[in-house]
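Q: Sequence and predicted structure below; questions after.
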Amino acid sequence: MNFPVNLFSGEWRFAAWIALSLAWLWAIRSAPWKLLTDSVRLNAWGGAIVVLSLLWSMKAGVQPGLNFHMLGAMVMVLLFGPQLALAALSITLAAVTANGDAGWSAYPLNAFVMVIVPVLVAAGVYRLVEQRLPNHFFVYIFVTAFLGSAVTIGAAGTAAACLLGAAGVYTAQHLLSDYLTYYFLLAFAEAWLSGMAVTLMVVYRPGWVVTFDDARYLTNK
């Protein structure tokens, strides 16, 4: 993740702009913007962007484009829903880009692997768990928040590796041995931190978590 500007040709960036524009259009048209008219939730949304900007700035890497950092996409989806999460992560990426961690011409490709893919996967995990598993507090925390966070960052890493391989930047063997294997460790850290964050907010600030309903997950359980 955090691709520099010189790794991909203009065709790849143009295709990524199309995907990002469609994602933004979907978010703008369907996001529950009324949630942000509540000053408490607006402050929580803005505060989450600031925290994620700091987390995304703290990264490690071995070669250009092969960087690792926390995402927090699952937390944002559970707190605000996928549309507002996509908007927040897009702003976070813009802040990181403005800070000089990546060039603006690489923004759409970075957004594809760090915003679009994680948000869609996180939303998919949430919906799948809601449909297939019992509505229970521990299912929400341990399956959706913990396991879902690991799956989400794994999907982001896989998407990044596929882009790098398809563009011929690195060989598949190099990506498998020196990049994707590290995501097992990162997925554990993402799951632990994200799961703990969601747990604390559900316990102490349940009003911030739009996907959590006391009556659904706690009553008569």
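A: Thanks, I have the structure now. As the structure is a prediction and not an experimental result, all values here were calculated from the model.
Q: Which pLDDT value does the model give residue 220?
A: Confidence at residue 220, expressed as pLDDT, is 55.
Q: change the start of the numbering to 23 and stick with it
A: Okay, residue one is now 23; in that scheme the one you just asked about reads as residue 242.
Q: Name the nearest residue to the most centrally placed residue in the chain, sequence neighbours excluded.
A: Relative to the mean C-alpha position of the chain, the nearest C-alpha, by CA atoms, centre = their mean, is the one of residue 95, at 2.6 Å. Nearest residue to residue 95, sequence neighbours excluded (CB to CB, 6 or more residues apart in numbering): residue 140, at 3.4 Å. No exception for glycine: its C-beta is placed from N, CA and C like everyone else's.
Q: for the record, mean pLDDT for whichever helix or strand that neighbour is part of?
A: In the assignment (DSSP states H and E), residue 140 maps to helix 139-154. Across helix 139-154, pLDDT averages out at 96.
Q: how far does it sit from the chain's center?
A: Distance of helix 139-154 from its chain centroid, counting by CA atoms, centre = their mean, to the nearest Å, is 12 Å.
Q: helices and strands around it, which ones?
A: The helices and strands touching helix 139-154, judged by 3 or more CB pairs under 8 Å, 6 or more residues apart in numbering; DSSP states H and E, are helix 95-102, helix 104-120, helix 170-188.
Q: in that helix, what counts as buried?
A: For helix 139-154, the neighbour count (16 or more other CB atoms under 10 Å) marks 139, 140, 141, 142, 143, 144, 145, 146, 147, 148, 151 as buried.
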